[in-house]
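K.L.:
Sequence first, predicted coordinates after that:
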Amino acid sequence: MTAPIGAKRFQDDSGLEVEFGGRLPQLEIAYETWGQLSRQKDNAILLCPAFSGHSHANSHEGDPSPGWWEGMVGSGLAFDTEDYFVVCASLLGGSYGTTGPWSVNPETGEAWRGRFPVVGVRDLVDAHIRLLDHLGIERLFCVAGGSLGAMQALELGVRYPQRVRKVFTASGTDRTRPHTAAIRHVGRQAILLDPKYCGGDYEGNGPTDGLALAREIGTVFYRSREELNQRFRWQPIAEPSRGGTVFDVQSYLRHQGQKILGDFDANSYLTLSLAMDLFDVWRGFPSRESALEPVEAEFMIVGVDEDRLIPIDEQEWLHHALVTAGKRSHWRPIENHIGHDWFLVEIDQITELVRELLK
């Protein structure tokens, strides 16, 4: 579980108090940058990774491999490095170089593993703020992300209203509803019921069967019914077998499950999945109105009609809540058969939306 090869590292020995109790005595952050920070330090854009994302959002000289948002960052692209300084950091609690379950607790000399504290999206954002302070960036020009990245972007815009001018969210929500929590619960159970989980204190790769199954379950909701029906044949591709791969779509799901193994830790999966379920941008405020009163940012809220994980009406509701509070918000509903993950696939479409907000 390592940082992408082109990542820089920042270490903060002051520690971090986390939202749901507990403390990280040391914070290490893996991050990457593109473009140049202006003399006034007013052109910075923060990209917030989704669930299994990391600091490598786009290829660059230090790491020419494709990033998770490849085609979005660079000269003439959506986040144009001729104009902007782009930052992306791996997530707190994840598996890609930022402090997480496989990090060593300096107070014990051992890896955290299943003892890693419960963290919320607020803690992920607080880690981003520590990095921005380190880089001398007092105010972001924009913060952007999809899914879990959208939650972080919204949290930053509401929790730190003086630190961001524009907020771009795709396939996000203001708080997790029971329907979505139920879906993620099933994924976490797949890991917890794997005999190799061992209470989170496993050695080596650990509960690979449970982790792969959790990813397969998630993939069913990351993609829409229409996309799966159009993409795969319904006829069997092999002799019918209760335990075998009989249909194209089974091969696809198993491939997605195997892809996550070796790179992503099961404890990280549990940590970030629960963080998403715990998300409520209004928590801690007396009311939604009081939360939004100091907010200064301009928002673009984007939802896709075929989203099976976070239905589009949640994003539209968020837009109306912002407008009702007198905030600047642009609502952009998208018709796309891919579903929740469309923002990672339809680069041309999302590029147009990003450019609209930035300009």
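P.N.:
Happy to help now that I have it. Residues are numbered from 1 along each chain as shown.
K.L.:
need the strands for the stretch 101-250 of the chain, in chain order.
P.N.:
With DSSP state E, counting those that start in this stretch as the criterion, the stretch 101-250 of the chain has strands at 104-105, 110-111, 140-146, 164-170.
K.L.:
show me what contacts residue 186?
P.N.:
Going by Cβ atoms under 8 Å, 6 or more residues apart in numbering, residue 186 touches residue 217. Bear in mind the C-beta positions are built from the backbone N, C-alpha and C, glycine included.
K.L.:
Report the separation between it and residue 300.
P.N.:
32 Å (Cβ to Cβ, to the nearest Å).
K.L.:
Now do the buried residues in stretch 272-290.
P.N.:
Buried residues in stretch 272-290, counted by 16 or more other Cβ atoms under 10 Å: 272, 273, 274, 275, 276, 277, 278, 279, 280, 281, 282, 288.
K.L.:
Tell me which residues are up against that stretch.
P.N.:
So stretch 272-290 is contacted by 20, 51, 91, 93-94, 118-121, 123-124, 148, 151, 154-155, 158-159, 173-176, 180-181, 184-185, 187-188, 214, 291, 321, 325 (Cβ under 8 Å, 6+ apart).
K.L.:
how is the chain carved up into domains?
P.N.:
8-177+280-358, 180-275 (automatic domain parsing).
K.L.:
May I have the distance across the last one, first residue to last?
P.N.:
What it means is domain 180-275. End-to-end distance of domain 180-275: 13 Å, with Cα to Cα, to the nearest Å as the criterion.
K.L.:
swap in the longest one?
P.N.:
Start and end residues of domain 8-177+280-358 are separated by 26 Å (Cα to Cα).
K.L.:
Do me a favour and average the pLDDT over it.
P.N.:
On average, the pLDDT along domain 8-177+280-358 is 97.
K.L.:
How about the shortest one?
P.N.:
Across domain 180-275, the average pLDDT comes to 92.
K.L.:
What separation do you get for the most centrally placed residue in the chain and residue 164?
P.N.:
Of all residues in the chain, the one closest to the mean position by Cα atoms, centre = their mean is residue 50, 1.9 Å from it. With distances taken as Cβ to Cβ, residue 50 is found 19 Å from residue 164.
K.L.:
now residue 298
P.N.:
To residue 164, residue 298 is 10 Å away according to Cβ to Cβ.
K.L.:
Neighbour count: the two, which is higher?
P.N.:
residue 164 (25 against 18; other Cβ atoms under 10 Å).
K.L.:
from memory the more buried one sits against residue 156, does it?
P.N.:
Yes: Residue 164 is within contact range of residue 156, at 5.8 Å (criterion: Cβ atoms under 8 Å).
K.L.:
Quick check: neighbours shared by those two?
P.N.:
140, 143.
K.L.:
Not counting its neighbours along the chain, what's nearest the residue located most distally from the centre of the chain?
P.N.:
Relative to the centre of the chain, the most outlying C-alpha is that of residue 239, 39.1 Å out, by Cα atoms, centre = their mean. Nearest non-adjacent residue to residue 239, counting by Cβ to Cβ, 6 or more residues apart in numbering: residue 246, 7.8 Å away.
K.L.:
Got the phi and psi for the one you found?
P.N.:
Main-chain torsions, residue 246, degrees, to the nearest 10: phi -100, psi -30.
K.L.:
show me the contacts for it.
P.N.:
With Cβ under 8 Å, 6+ apart, residue 246 has these contacts: 236, 237, 238, 239, 240.
K.L.:
change it to 7 Å
P.N.:
Residues near residue 246 by Cβ atoms under 7 Å, 6 or more residues apart in numbering: 236, 237, 238, 240.
K.L.:
mind listing the helices in the stretch 251-359 of the chain by residue range?
P.N.:
Residue ranges of the helices in the stretch 251-359 of the chain, as given by DSSP state H, counting those that start in this stretch, are 266-277, 288-292, 312-324, 342-345, 347-358.
K.L.:
Of those, flag the one that's most buried.
P.N.:
Among the helices of the stretch 251-359 of the chain, ranked by average contacts under mean count of other Cβ atoms under 10 Å, first place goes to helix 266-277 (a mean of 24).
K.L.:
Report the separation between residue 87 and residue 96.
P.N.:
Between residue 87 and residue 96 the distance is 15 Å, computed by Cβ to Cβ.
K.L.:
and which of the buried residues of stretch 272-290 is nearest residue 339?
P.N.:
Distance to residue 339, by Cβ to Cβ, is smallest for residue 276 among these, at 16.9 Å.
K.L.:
Tell me the spacing between that closest one and residue 91.
P.N.:
Separation of residue 276 from residue 91 (Cβ to Cβ) stands at 11 Å.
K.L.:
next one: residue 280
P.N.:
According to Cβ to Cβ, residue 280 and residue 91 sit 18 Å apart.
K.L.:
burial measure for residue 159, as a count.
P.N.:
By the criterion of other Cβ under 10 Å, residue 159 has 19 neighbours.
K.L.:
my bad, should have said residue 310
P.N.:
By the criterion of other Cβ under 10 Å, residue 310 has 24 neighbours.
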